[in-house]
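Undergrad: prediction below, plus the sequence it came from.
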Amino acid sequence: MRICFVAEHPSSGKIGGAEVAMAFLADRLVQEGIEVHYASTRCIEHQSIEFHQVPGWFARTIQKLVKSYRALNGSAGGSSSQGPSAAGPRRQDKAVTSKLRSFLLKILMRSYEPVLSKVGADVYIQVNAGYPTGYVASFCKKNAKPFIFRSTSLWDADLSFTRGHTRWPDYTKALYLRGVRDADIIAANSMDTARAFTEYVDKEKVRFMPDGFPILPRQDSSRKGGFVLWVARDAPYKRAWLYADLARMLPQYQFVMVGDVEPMKNRPPNLLLLGPKKPNELPDIYSRAKVLVSTSEVEGFPNVLVEAAMQGVPYVGFLDPDSVTAKYKLGFQVRDVPEMAQRVDTLMSDETLRLRLGRNARRFVEEHFDIEKVIKKWLGLFEELAHAK
């Protein structure tokens, strides 16, 4: 069997939770004797996976052309300061840029087709919501190939775009909707996301497929000199500034941030920014942390919760994905920053409680996120799709 991931690979420098989790799955599939290919905007040398380049540069060119058009049009006197009389030109400008995007994206979609055709996979898996979801779904429908859309955020399931992906242009929304509706399977990495999708699409094609991780040895849990940890990308919905507020409220503890976070003004002295780290560098950082904090307003099932739990680190966050924090006693869900400060203070000062929750977290990961268990679900899904087509 040949599987194609339409996604970026973390070795290319594009490091996000979805990319890391899919790379673990890809490597494990290779061990099962499955031929794995990647269709990505960035190709790398890999010992056992073949890479094919899709034209990411073309998408960036589209954005530059549209921005250039707007800049030129604006310099010609189309600014909003002209009052109501400028409304007509502004509407015309929006119509022109919309047509320009539509035309260029049709060309981009056609450039995907030869790449996906060359791969000739039995199953295609597209990761992360966006216009590529529509491109890959269109190709698979045209060529009678099974298509799996891998969803990793609760916002992906908001097909009304009232909460999630609200700033997407109309053409991206339309392509994404087409992709979701034409997908053979929507594989969500959280039960909450899977349930949300069933409000809009046939529940028979929605599956909860957890991410799988190699289970690493657990390090010493005493953590003398341990710190409070935050790990994420610097995206607005991750709300990094709230973590800085938390650090200010608890000056007696060391706080650490990992990710591509912009330098902060008035950064509290007890907050250390480590910058982005490669996946293989994270276990050592988790093994020295006492508490993991999440300030995100939306997630699917976050990698960081699993990665920290593997090293026996309790969780404190505004979200409780799939209600696992409460059900398995992994930490605490909180309503606001003051309550978060209270819970973090408790865990940092109560060693008995921290260790007990840490043991629960480790057990939870072993039972539910071991790649050796998760791989069986994916293999079963591939066989089901192969026979269905």
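TA: All right, it came through fine.

Undergrad: where exactly do the strands run in the stretch 1-150 of the chain?
TA: Counting by DSSP state E, counting those that start in this stretch, the stretch 1-150 of the chain has these strands, from start to end: 2-6, 35-40, 50-53, 123-127, 147-151.

Undergrad: ok, residues contacting the third one?
TA: Under the criterion C-beta atoms under 8 Å, 6 or more residues apart in numbering, residues 9, 36-44, 115, 118-119 lie in contact with strand 50-53. From N, CA and C alone the C-beta is placed, and that goes for glycine too.

Undergrad: repeat that for the second one.
TA: Residues external to strand 35-40 that are found in contact with it (C-beta under 8 Å, 6+ apart): 1-9, 12, 26, 29-30, 46, 48-54, 112, 115-116, 119, 121.

Undergrad: listing partners with orientation, what would you give for that strand?
TA: strand 2-6 (parallel), strand 50-53 (parallel) (DSSP bridges).

Undergrad: what about the chain, any weak spots by pLDDT?
TA: Counting by pLDDT under 70, the ranges of the chain that qualify are 14, 56-110, 389.

Undergrad: domains of it?
TA: Split into domains by automatic domain parsing, the chain comes to 2-212+371-388, 227-368.

Undergrad: in JSON lines, list the ones you listed along with distance to Gln219 and mean neighbour count.
TA: Formatted as JSON lines, the domains of the chain follow (distance: least, C-beta to C-beta, whole Å; neighbours: other C-beta atoms under 10 Å):
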{"stretch": "domain 2-212+371-388", "distance to Gln219": "19", "mean neighbour count": "17"}
{"stretch": "domain 227-368", "distance to Gln219": "4", "mean neighbour count": "18"}
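
Undergrad: show me where the stretch 201-350 of the chain has strands.
TA: With DSSP E, counting those that start in this stretch as the criterion, the stretch 201-350 of the chain has strands spanning 206-208, 227-231, 255-258, 271-275, 289-294, 315-317, 331-333.

Undergrad: let's have those in JSON lines, adding distance to Met348.
TA: Formatted as JSON lines, the strands of the stretch 201-350 of the chain follow (distance: least, C-beta to C-beta, whole Å):
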{"stretch": "strand 206-208", "distance to Met348": "34"}
{"stretch": "strand 227-231", "distance to Met348": "7"}
{"stretch": "strand 255-258", "distance to Met348": "11"}
{"stretch": "strand 271-275", "distance to Met348": "15"}
{"stretch": "strand 289-294", "distance to Met348": "6"}
{"stretch": "strand 315-317", "distance to Met348": "10"}
{"stretch": "strand 331-333", "distance to Met348": "12"}
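
Undergrad: tell me which of those strands lies nearest to Ile148.
TA: strand 206-208 (8.8 Å; C-beta to C-beta).

Undergrad: thinking again about what came up before, the strands paired with strand 35-40: which one's closest to Arg163?
TA: strand 2-6 (25.5 Å).

Undergrad: quick one, the closest one and strand 123-127 angle?
TA: 20 degrees (axes from the mean of the first three to the mean of the last three C-alpha atoms, to 10 degrees).

Undergrad: how far off centre is strand 2-6?
TA: 18 Å (C-alpha atoms, centre = their mean, to the nearest Å).

Undergrad: name the residues that touch it?
TA: 22, 26, 29, 34-40, 54, 116, 119-127, 132, 136, 382.

Undergrad: how about stretch 301-309?
TA: Residues contacting stretch 301-309 (C-beta under 8 Å, 6+ apart): 17, 20-21, 152, 189-190, 193, 210-211, 213, 229, 231-232, 282-283, 286, 289, 292, 294, 296, 315, 317, 321-322, 324, 330, 361-362, 364-365, 369.

Undergrad: from these, which land in helices?
TA: By the criterion of DSSP state H, membership of the contacts of stretch 301-309 in helices covers 17, 20-21, 193, 282-283, 286, 324, 361-362, 364-365.

Undergrad: quick one: the helices in the stretch 101-250 of the chain?
TA: Taking DSSP state H, counting those that start in this stretch as the test, the helices found in the stretch 101-250 of the chain are 131-142, 170-182, 191-197, 240-249.

Undergrad: any chance of CSV for these, columns distance to Lys277?
TA: Shown next, in CSV, are those (distance: least, C-beta to C-beta, whole Å):
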stretch, distance to Lys277
helix 131-142, 27
helix 170-182, 30
helix 191-197, 26
helix 240-249, 15
